[in-house]
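> Below are the sequence and a predicted model for it; my questions follow.
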Amino acid sequence: MRAHRVWAAVALVIALATIVCAIDVALQRIPNGFSVVVCAALAVAAAGYGLVRRGATRIVALVASVLLLATSITLVFVEHDPSDDVLIAVGVVVVLAAARRAFRVHVERPRAHRPDHPVLFYNPLSGGGKAQRFGLADEARNRGIEPIELRRGDDLEQLVRAAVARGADGLAMAGGDGSQAVVAMVAAELDLPYACIPSGTRNHFALDLGVDRNDVVGALDAFVNGGERRVDLAEVNGRVFVNNVSLGLYAEAVQRPEYRGAKLRTLLDAIPEAVGPQATGPSLFWDNGSGRESAAAVLVSNNPYRLGRAIGSGTRPQLDRGLLGVAVIAPTRAGRNGATRHRFGMRQWSAPTVEMQAENRVPAGIDGEAIHLDPPVQFRVRPNALRVRIAPGHPGASPSALIPDKPWGLLQGLMRVAFHGTPPPR
């Protein structure tokens, strides 16, 4: 806890110095500094205009955006001493890094009963071959865990159920989040302990569970002397997922054959079709209680994500709230008679269940896997469905578990840690 107090104090001191420096620089640059801000704002507007259009119009708008951005940067170097800007930028980076350290989590959980016959399922190709690189099968055997390798064409769910029929009383998965969901589903159904081994590419579920993604082998200790926690699972049309389901824009791009070879280009090509002036209109709808609303893109997650924050963005602070996180990109209505203009905004909320309507089958990305779903697309959360084992040396909670949501709350939290040594309550 002493280290947390030191990092919190460092964050507060550097934050104060950075704010003072930024105010001083802003006052010195009035009014000439406004030209930099105007050019940057126009660059953003031009980029947004170009992304939703095609052909020559897109090229002209994006080129204009680049030129405006270059102009704003040039103005900084020509009209002002850039060392002040560099100093402010460094201060912001240091503050954020120190704040992350101040709010770092490590949850001590009582040691759980060790399974008599734990089994590890591992994908040797996942994460660029992490399982083989770390010798995961041998490390599992050394800990009394039976390793089972997945081969091309295997049905993972059948393998898991067959292992349980042979006496397996603990289930671990080393692979991507789609595979994690299959093993977690069976473990929850049979009330067996489950361990997430971070040998996939991104390991988002492991991160939010509090598993150290850099300690692949150490994660096996979850079935040796680890503690246990219960977390939620979520379902879409009866199928379990551990992270999220995307519908609409991104999911449609992922379905395209050219996506794997040119991901960014395919996504850029899909944007005008979904939200551009020539778009046929959103194909997803939901009932808000007083009428039907439409959406161009939807993300439903197993517990809400922390989005758009400087610290911990893209993580879920908790996995046991019993709620789905819902984020939609939807058209805004303005003008006469509520006519829809081609402007879109994001809305977020939480709920235990969500239903999306559509006229046709809906392209979806479920924990990264591209499939189609029949409407209505129904989501629900299953509170405390999964018994998760965590190795004793791992954090045991999401990296954003103690980070306040609001900027003022972040400052209050840092002061609480620095002066009292206790994290802010959630």
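All right, it came through fine.
> switch to C-alpha atoms for all contacts and neighbour counts from now on
OK.
> Next one: Val90, what pLDDT does it get?
As predicted, Val90 sits at a pLDDT of 91.
> what's the neighbour count on His142?
Actually, residue 142 is Asn rather than His. Asn142 has 10 neighbouring residues, counting by other CA atoms under 10 Å.
> now Gly128
Using other CA under 10 Å: Gly128 sits among 12 other residues.
> Quick check: chain neighbours aside, which residue is closest to it?
Thr201 (7.3 Å; CA to CA, 6 or more residues apart in numbering).
> now Gln180
Gln180 sits nearest to Met173 (CA to CA, 6+ apart), 5.9 Å away.
> Tell me which helix or strand the one you found sits in.
Assigned by DSSP states H and E, Met173 belongs to strand 170-174.
> just checking, next helix/strand downstream of that strand?
Counting by DSSP H and E, the next helix or strand C-terminal to strand 170-174 is helix 177-190.
> Just the CA trace of whichever helix or strand comes after that following helix, in PDB.
Next helix or strand after helix 177-190 toward the C-terminus (DSSP H and E): strand 193-197. Output in PDB follows, covering the C-alpha atoms of strand 193-197 (Å, rounded to 0.1, in the frame of the first residue of the first chain):
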ATOM      1  CA  PRO A 193     -14.300 -24.500 -11.300                       C
ATOM      2  CA  TYR A 194     -12.800 -22.900 -14.400                       C
ATOM      3  CA  ALA A 195      -9.500 -21.300 -15.100                       C
ATOM      4  CA  CYS A 196      -8.700 -18.900 -17.900                       C
ATOM      5  CA  ILE A 197      -5.100 -19.400 -19.300                       C
END
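> Return the backbone torsion pair for Val216.
Reported as degrees, to the nearest 10, the phi and psi values for Val216 are phi -60, psi -50.
> re earlier: ok, so what distance separates the residue nearest to Gly128 from Asn214?
Noted for Thr201: a distance of 11 Å to Asn214, by CA to CA, to the nearest Å.
> who has more neighbours, these two?
For Thr201 versus Asn214, the count of surrounding residues by other CA under 10 Å is larger for Thr201: 15 against 10.
> so the more buried one, which of the three states?
Look at Thr201: counting by DSSP: H, G, I helix; E, B strand; the rest coil, its state is coil.
> which ones are touching it?
126-128, 176 (CA atoms under 8 Å, 6 or more residues apart in numbering).
> The same query, at a cut-off of 10 Å, please.
Applying CA atoms under 10 Å, 6 or more residues apart in numbering to Thr201 gives the contacts 126-130, 175-177, 213.
> Weed out the non-buried ones from those.
126-127, 130, 175-177, 213 (16 or more other CA atoms under 10 Å).
> mind checking which helix or strand of the chain has the lowest mean pLDDT?
Lowest on mean pLDDT, DSSP states H and E among the helices and strands of the chain sits helix 263-275, with a mean of 56.
> any residues touching the helix or strand following that one, and which ones?
As assigned by DSSP H and E, the chain's next helix or strand after helix 263-275 is strand 284-287. Identification of contacts with strand 284-287 by CA under 10 Å, 6+ apart yields 247-248, 292-298, 330, 354-360, 362, 375-377.
> Which parts of the stretch 1-150 of the chain are helices?
Here the stretch 1-150 of the chain has its helices, by DSSP state H, counting those that start in this stretch, at 2-28, 33-51, 55-79, 82-102, 130-133, 136-142.
> Now distance to Ile311 too, for the ones you listed, in JSON lines please.
Shown next, in JSON lines, are the helices of the stretch 1-150 of the chain (distance: least, CA to CA, whole Å):
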{"stretch": "helix 2-28", "distance to Ile311": "13"}
{"stretch": "helix 33-51", "distance to Ile311": "23"}
{"stretch": "helix 55-79", "distance to Ile311": "26"}
{"stretch": "helix 82-102", "distance to Ile311": "7"}
{"stretch": "helix 130-133", "distance to Ile311": "28"}
{"stretch": "helix 136-142", "distance to Ile311": "32"}
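> circling back to that earlier point, in strands only, show me the contacts of strand 284-287.
Within those, membership in strands is found for 247-248, 292-295, 297-298, 330, 354-358, 362, 377, as judged by DSSP state E.
> Glu228: neighbouring residues, count only.
Based on other CA under 10 Å, the number of other residues close to Glu228 is 24.
> make that Asn384, sorry
Asn384: 17 surrounding residues under other CA under 10 Å.
> who touches it in this structure?
By CA under 10 Å, 6+ apart, the residues touching Asn384 are 188, 229-233, 319-322.
> and whichever helix or strand it is part of, which strands flank it?
Using DSSP H and E, Asn384 maps to strand 377-390. Strand 377-390 sits in its sheet next to strand 193-197 (parallel), strand 227-236 (antiparallel), strand 353-358 (antiparallel), going by DSSP bridges.
> Val388 pairs with what?
When assigned by DSSP bridges, Val388 has beta-bridge partners Tyr194, Arg229.
> That one reaches Ile197, doesn't it?
No: contact criterion CA atoms under 10 Å: Val388 and Ile197 do not qualify, at 11.3 Å.
> Common neighbours of the two, please.
With CA under 10 Å, 6+ apart, Val388 and Ile197 have common neighbours 172, 222.
> higher neighbour count, the two?
Shown here are Val388 and Ile197; by other CA under 10 Å, Ile197 has more neighbours (32 against 25).
> Surely that one and Gly210 touch.
No: taking contacts as CA under 10 Å, Ile197 lies outside contact range of Gly210: 11.3 Å.
> Mutual contacts of the two, please.
Ile390.
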